[in-house]
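Q: Sequence and predicted structure below; questions after.
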Amino acid sequence: MDRNELNGAGLTAILDELQQGRITTGKAQANNSAAIALCELVQPTLEKKSQGENYFRLSASELRSKLDDRDLIIYQAAQIIMLLSDKAMDLDSWLGTVNDVLKNSVAYLTGKKGEAGSHEQSV
């Protein structure tokens, strides 16, 4: 690789890729922060509701109400898990993009452009 090529258009191309990688990393961090906040929000409620009562002391209507409440909590927990799964898939995709950007930039700088692989190859 010619030194002038590395100093000119090549560095501009690498800079553009690295800036895109930085933007994608920022999205991944924000996504991860949202997932953590969601877990911190839900955990105390689930812990509180998971502690059982003495159901033998409840009337039939009170027991029905408690069971309905539990069913709703389980449904809401399932919805939260689906949301966390979506966020995890987004995070995986963004981190794969950043990984590709870094591999391509390193490959260009070291003159091994053909060796830059994809996210799936590195896992």
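A: Yep, it's here.

Q: What strand or helix carries residue 32?
A: Following DSSP states H and E, one finds residue 32 within helix 9-50.

Q: Now do that helix: distance to the chain's middle.
A: Mean-position distance between helix 9-50 and its chain equals 6 Å (Cα atoms, centre = their mean, to the nearest Å).

Q: what's the following helix or strand past that helix packed up against?
A: The helix or strand immediately downstream of helix 9-50 is helix 60-110, counting by DSSP H and E. Counting contacts by 3 or more Cβ pairs under 8 Å, 6 or more residues apart in numbering; DSSP states H and E, helix 60-110 is packed against helix 9-50, helix 119-122. Backbone N, C-alpha and C define where each C-beta goes, glycine included.

Q: Pick the most buried one from those helices.
A: helix 9-50 (a mean of 13; mean count of other Cβ atoms under 10 Å).

Q: Quick check: mean pLDDT of that one?
A: For helix 9-50, the mean per-residue pLDDT is 85.

Q: Between helix 60-110 and that helix, find me the angle.
A: For helix 9-50 against helix 60-110, the angle by axes from the mean of the first three to the mean of the last three Cα atoms, to 10 degrees is 160 degrees.
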